[in-house]
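Undergrad: for reference, the sequence and a predicted model appear below.
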Amino acid sequence: MKKIYNFSAGPSTLPVEVLEKAQKEMLDYKNSGMSVMEMSHRSSLYDEIHNEAKEDLMELMGLDEDYELLFLQGGGSTQFAMIPMNLLNKDDIASYLITGSWADKAYKEAKKFAKPEILASSKEDIYTYIPEIDESKMNEKSKFLYLCVNNTIYGTRISPEKIGKLNKPLVADISSNILSEKYDYNKFDLVFAGAQKNLGPAGVTIVALKKDLIKETREEIPTMLSYKTHADKNSLYNTPPCFAIYVTGLVAKWIKKMGGVEAMEEINKEKSKLLYDFIDNSSLYKNNVKLEDRSLMNIVFVTGDAELDAKFVKGAKEKGLENLKGHRTVGGMRASIYNAMPIEGVKALIDYMKDFERENR
């Protein structure tokens, strides 16, 4: 089998151990004679898969009994609408910190249902930093502060330390750095994550929210877009993305086996430091993100020459280093080094970067 390192921002690399287990159980899960993809979502066998995945994720996130965890469909983009539909009335105000394309899209979607305000934005500098989060500038009637904690495209993140200083109700997109480092998720009213970046395959979206938010729901909210619908039925109101939940559950168990989120954070900081240190000491590559706002998951860099960037990406692919092309809106390169990316992959990338720099000075 061809060995590659997949640096895709999503769908992204998964732990080899998880893929091997899924492969082993593909045709016959626990002597059932069926694949997980075939079994009824109402069966006791699938119920065990579903509930274990939920319990493991809640444990890893450190969520207390005041929270409900849901498995939903529609990706993170559907949450841009579900959040204002469920948490706001048409005249309600919510504050949005615009740190990249996904936060901007969430803000624009919220405008269809309520009256969101922009607290601050770093758009004028192509989102190369996290703007100051000054809660005193929020409208006093604002229901919550919306954040995108990690910005996949631009390589920025809001650190756990910055989150810890906030006191307003928080709603956050944590798609690309969920379980990568220690955040206090109990500080948030609601968090969501499309699994395909750092947790599992595409098809399932994790939403964790305070139970108080789903005691009631407005009648005009479509049934499938109501959090209460799914909470009342343990995310089994309709057929869930069973196989995606199964694999996500395997990833959760893998993280626990590796030592939990604390161990993931230690490894991720080591991986990102290796790559950032090399870039910072290079005469060819440059990272334009403000030092304190750099992502641990998505590391962006450029040579300053678009043709050279394209040559770099082509050469990397030939070396088995896949999906290093930067997002079309910013160009350059991007290495997504999620939990499942082994440190050997980062070292292989750095070795290639050294060779490329030497050959293209």
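TA: Structure's in. What do you need?
Undergrad: quick one, strands of the stretch 251-361 of the chain?
TA: Using DSSP state E, counting those that start in this stretch, the strands of the stretch 251-361 of the chain run over residues 298-301, 321-322, 333-336.
Undergrad: tell me the domain boundaries of the protein?
TA: Split into domains by automatic domain parsing, the chain comes to 17-257, 260-359.
Undergrad: JSON lines for those domains, including distance to residue 6 and mean pLDDT?
TA: Where C-beta positions appear, they are placed from N, C-alpha and C, glycine not excepted. Shown next, in JSON lines, are the domains of the chain (distance: least, C-beta to C-beta, whole Å; pLDDT from 0 to 100):
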{"stretch": "domain 17-257", "distance to residue 6": "12", "mean pLDDT": "97"}
{"stretch": "domain 260-359", "distance to residue 6": "5", "mean pLDDT": "97"}
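Undergrad: can you tell me which of those domains comes nearest to residue 8?
TA: With respect to residue 8, and counting by C-beta to C-beta, the nearest of these is domain 260-359 at 3.7 Å.
Undergrad: please enumerate the helices of the stretch 1-150 of the chain.
TA: Remark: helices assigned in the stretch 1-150 of the chain by DSSP state H, counting those that start in this stretch are 16-24, 44-61, 75-87, 101-110.
Undergrad: could you list every helix and strand in contact with the third one?
TA: Under the contact criterion of 3 or more C-beta pairs under 8 Å, 6 or more residues apart in numbering; DSSP states H and E, helix 75-87 touches helix 101-110, strand 142-148, strand 170-173, strand 188-194, strand 205-210, helix 227-232.
Undergrad: list the buried residues in the first one.
TA: This points to helix 101-110. Buried residues in helix 101-110, counted by 16 or more other C-beta atoms under 10 Å: 101, 102, 103, 104, 105, 106, 107, 109, 110.
Undergrad: identify the farthest-apart pair in those residues.
TA: Maximum pairwise distance in these, criterion C-beta to C-beta, is 15.0 Å, between 101 and 110.
Undergrad: if we can go back for a sec, can I get the domains of the chain in JSON lines with distance to residue 10?
TA: As requested, those are arranged in JSON lines below (distance: least, C-beta to C-beta, whole Å):
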{"stretch": "domain 17-257", "distance to residue 10": "4"}
{"stretch": "domain 260-359", "distance to residue 10": "7"}
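Undergrad: among the ones you listed, which comes closest to residue 4?
TA: Closest to residue 4 of these is domain 260-359 (C-beta to C-beta; 4.2 Å).
Undergrad: isn't residue 294 up against residue 154?
TA: No. Counting by C-beta atoms under 8 Å, residue 294 does not reach residue 154; the two are 10.4 Å apart.
Undergrad: select the longest helix from the chain.
TA: When every helix of the chain is counted residue by residue (DSSP state H), the longest turns out to be helix 260-280.
Undergrad: so what does it touch, helix or strand wise?
TA: Contact analysis of helix 260-280 by 3+ C-beta pairs under 8 Å, 6+ apart lists helix 242-258, strand 298-301, helix 343-359 as its packing neighbours.
Undergrad: how about these in a markdown table, adding mean neighbour count and distance to residue 181?
TA: What follows is the helices and strands packed on helix 260-280, written out as a markdown table (neighbours: other C-beta atoms under 10 Å; distance: least, C-beta to C-beta, whole Å):
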| stretch | mean neighbour count | distance to residue 181 |
| --- | --- | --- |
| helix 242-258 | 21 | 12 |
| strand 298-301 | 26 | 13 |
| helix 343-359 | 16 | 16 |
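Undergrad: and residue 118, which of those is closest to it?
TA: Nearest to residue 118 among the helices and strands packed on helix 260-280 is strand 298-301 (23.3 Å), distances taken as C-beta to C-beta.
Undergrad: adjacent strands (with direction) for that closest one?
TA: strand 333-336 (antiparallel) (DSSP bridges).
Undergrad: re the thing from before, okay if I get the strands of the stretch 251-361 of the chain as a markdown table plus distance to residue 39?
TA: Converted to a markdown table, these look like this (distance: least, C-beta to C-beta, whole Å):
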| stretch | distance to residue 39 |
| --- | --- |
| strand 298-301 | 36 |
| strand 321-322 | 33 |
| strand 333-336 | 32 |
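Undergrad: out of those strands, which comes closest to residue 164?
TA: Of all these, strand 298-301 sits nearest to residue 164, with 22.1 Å by C-beta to C-beta.
Undergrad: hmm, who's touching the closest one?
TA: If you take C-beta atoms under 8 Å, 6 or more residues apart in numbering as the criterion, strand 298-301 is touched by 9, 150-155, 176, 272, 275-276, 279, 285-289, 326, 330, 332-337.
Undergrad: for residue 74, see how far away the closest residue in space to residue 196 that isn't next to it in sequence is.
TA: Spatial nearest neighbour of residue 196, excluding adjacent residues (C-beta to C-beta, 6 or more residues apart in numbering): residue 202 at 3.9 Å. According to C-beta to C-beta, to the nearest Å, residue 202 and residue 74 sit 11 Å apart.
Undergrad: quick one: residues contacting the closest residue to residue 249 other than its chain neighbours.
TA: With C-beta to C-beta, 6+ apart as the criterion, residue 249 has its nearest non-adjacent residue at 3.0 Å, and that residue is residue 53. Counting by C-beta under 8 Å, 6+ apart, residue 53 makes contact with 71, 245, 246, 248, 249, 252.
Undergrad: what about 10 Å?
TA: 69, 71, 200, 204, 206, 244-253 (C-beta atoms under 10 Å, 6 or more residues apart in numbering).
Undergrad: one more: residue 30?
TA: 36, 45, 48, 49.
Undergrad: residue 145 now?
TA: For residue 145, the contacting residues are 94-97, 119, 133, 135, 138, 166-172, 188-189, by C-beta under 10 Å, 6+ apart.
Undergrad: brilliant, that's me finished.
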